[in-house]
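> 3D, please:
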Amino acid sequence: MKKFKLFLFLVVASKIVFAQSKDDLKKEKKKIENEIKITNGLLEKTKQNKLKSLNYLNALSTQIEKEESLVKMLNIEIKLKERKIKNINKTILESKDVISNKEAELEMLMENYSKIIFSYSKNKGLKDQLMFIISSDDFNQAYKRLLYVKQYTTQRKNYSIQISKEQNELKQEINKLEVIKKELEENTIQKKTLYENKYENLNKISDKKTEKEQLISKLVKSEKYFKKELKEKQKKANELDEKIRKIIEEEIKKARELAEKANKLNLSPAALELTKKFAENKRKLPWPVETGVVIQKFGNKKHQIFSEVQTFNNGVDIVTEKKAKVNAIFDGKISRIFVVKGEGKAVLISHGKFYTVYSGLQDVVVETGEEVLTREKIGEVRYNEKEQRSLLHFEIWKGYDKVDPGDWIYKLY
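Model prediction:
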């Protein structure tokens, strides 16, 4: 009995763990599929125009990366499915053993019951029971015979109940086995579908890698044009960096002046508390847009075509839907709203010692000095007609230092 309870506990516990991992897997898979959908749309819009070839290449590289991630998810899902099938097969074997034991017990009960019935019929049944008692030599013998008859009747009744119980339990176990077999059949079909999806995605990856190689060969021939374009983009990024740095310097200077007036050496208690809370939410902060895919990560990168060209991204570039809503990632105060030439509007929010930058906005719905809350809308992403995409450039600063948003935003990449 103790072993059975332990087995039952392990089965239930394993099902809970499996359900949790399965739910996490579904969420991650859904996220990757949404990112693939966004990059697919971007590829469709940019593939025809030579002027947009670098954007197309970036989107294609991101698409390959996401397709590979999806294949990894499918591999995990297949392994989980195989584990489940293995557990089901184990349960089937255990159920068959239970059925076999139940059948043996039932057969023994039926055999014993048959002996009782035979003995009962041999003694001429109920009609002779009264005579059997009356014909006793004395009262003591009559009493003993009465007890014997009662015991005989009770035994028959108990066997009948036990047989009925065993038959019901056997029936339930057989029904349970049929349900398990059906579950096995369904999981086997699902496993087959997962394998088909996996190989379909592997073929897509292979085709896209071939396309990427062909595109790189073409772009190399237009090296002069594209190097000029890259130089222009880096120039804009540096200008934005300089503008943000100046604003942050001004904000820090203001905070120091206020602290000096109040005879304090540090930030206000409210600003210190905000800094602390922001830091505590590292890797848990929400995305600045509800749906999107990162096509350029933070940091220094060698160009995938022109290896001698290096670019530094101060934040991350997120491609999102047209007119996508941009939200504050944490409570804070709108420090500045400014225009970046050719890139739309930008908003800088202070969170104590931390700052977040949202660049590439079309419409801004907040004002300088306004307090905002986590996930509160601050504007909409600008749609770039030339590049045919909606791109948000997002940065996080700690004082004068830029930090990788991937270390702060929940599952950014």
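> name the SS class of Asp97, please.
helix (DSSP: H, G, I helix; E, B strand; the rest coil).
> using CSV, write down the CA coordinates of stretch 69-85.
Provided in CSV are the C-alpha atoms of stretch 69-85 (Å, rounded to 0.1, in the frame of the first residue of the first chain):
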residue,chain,number,x,y,z
SER,A,69,15.2,28.7,-32.3
LEU,A,70,11.9,27.2,-33.4
VAL,A,71,13.6,23.9,-34.4
LYS,A,72,15.2,23.8,-31.0
MET,A,73,11.8,24.3,-29.4
LEU,A,74,10.4,21.5,-31.6
ASN,A,75,13.3,19.2,-30.6
ILE,A,76,12.5,19.9,-26.9
GLU,A,77,8.8,19.3,-27.6
ILE,A,78,9.6,16.0,-29.4
LYS,A,79,11.7,14.8,-26.4
LEU,A,80,8.9,15.7,-24.0
LYS,A,81,6.5,13.8,-26.2
GLU,A,82,8.8,10.8,-26.4
ARG,A,83,9.1,10.9,-22.6
LYS,A,84,5.3,11.0,-22.3
ILE,A,85,4.9,8.1,-24.7
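> assign Asn58 to helix, strand or coil.
At Asn58 the chain is in helix, as set by three-state DSSP.
> so who does Glu290 touch?
By C-beta atoms under 8 Å, 6 or more residues apart in numbering, the contact list for Glu290 reads Ala324, Lys325, Asn327. The way it works is simple: take the backbone N, C-alpha and C, and place the C-beta from them, glycine included.
> can you pick the most crowded of those?
Neighbour count (other C-beta atoms under 10 Å) singles out Ala324 as the most crowded of the contacts of Glu290, with 23 neighbours.
> show the pLDDT at that residue.
pLDDT, Ala324: 92.
> now it: how far from Gln296?
According to C-beta to C-beta, to the nearest Å, Ala324 and Gln296 sit 17 Å apart.
> ok, Ile248 next?
In this view, Ile248 and Gln296 are 22 Å apart by C-beta to C-beta.
> tell me which of the two has more neighbours.
Ile248 (20 against 17).
> these two touch, right, the more buried one and Lys398?
No: Ile248 is beyond contact range of Lys398, at 10.0 Å (criterion: C-beta atoms under 8 Å).
> picking up where we left off before, just the contacts of Glu290: which are in strands?
Lys325, Asn327 (DSSP state E).
> tell me which of the contacts of Glu290 is nearest to Glu273?
Asn327 (21.6 Å; C-beta to C-beta).
> any stretches of the stretch 301-413 of the chain with poor pLDDT?
Within the stretch 301-413 of the chain, the stretches with pLDDT under 70 are 302-310.
> for it, what spans make up the strands?
Secondary structure of the stretch 301-413 of the chain (DSSP state E, counting those that start in this stretch): strands at 310-313, 316-320, 325-327, 332-340, 344-351, 354-364, 371-372, 377-381, 383-384, 389-398, 401-403.
> just the buried positions in stretch 94-109, please.
Across stretch 94-109, burial judged by 16 or more other C-beta atoms under 10 Å covers Ser95, Val98, Ile99, Lys102, Leu106, Leu109.
> ok, residues contacting it?
Residues from elsewhere that reach stretch 94-109 (C-beta under 8 Å, 6+ apart): Tyr159, Gln162, Ile163, Glu166, Gln167, Glu169, Leu170, Glu173, Ile174, Lys176, Leu177, Ile180.
> can you rerun that using 6 Å?
Contact with stretch 94-109 is made by Gln162, Ile163, Glu166, Leu170, Glu173, Leu177, as judged by C-beta atoms under 6 Å, 6 or more residues apart in numbering.
> still on that earlier bit, and of the contacts of Glu290, the nearest to Leu147?
If you rank the contacts of Glu290 by distance to Leu147 using C-beta to C-beta, Asn327 comes first, at 85.8 Å.
> show me what the closest one is bridged to.
Judged by DSSP bridges, the bridge partners of Asn327 are Lys377.
> residues in contact with it?
By C-beta under 6 Å, 6+ apart, Asn327 lies in contact with Pro288, Arg375, Lys377.
> circling back to that earlier point, could you dump the contacts of stretch 94-109 to CSV with distance to Pro405 and neighbour count?
As requested, those are exported to CSV (distance: C-beta to C-beta, whole Å; neighbours: other C-beta atoms under 10 Å):
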residue, distance to Pro405, neighbour count
Gln162, 70, 15
Ile163, 71, 16
Glu166, 66, 18
Leu170, 62, 17
Glu173, 57, 18
Leu177, 53, 17
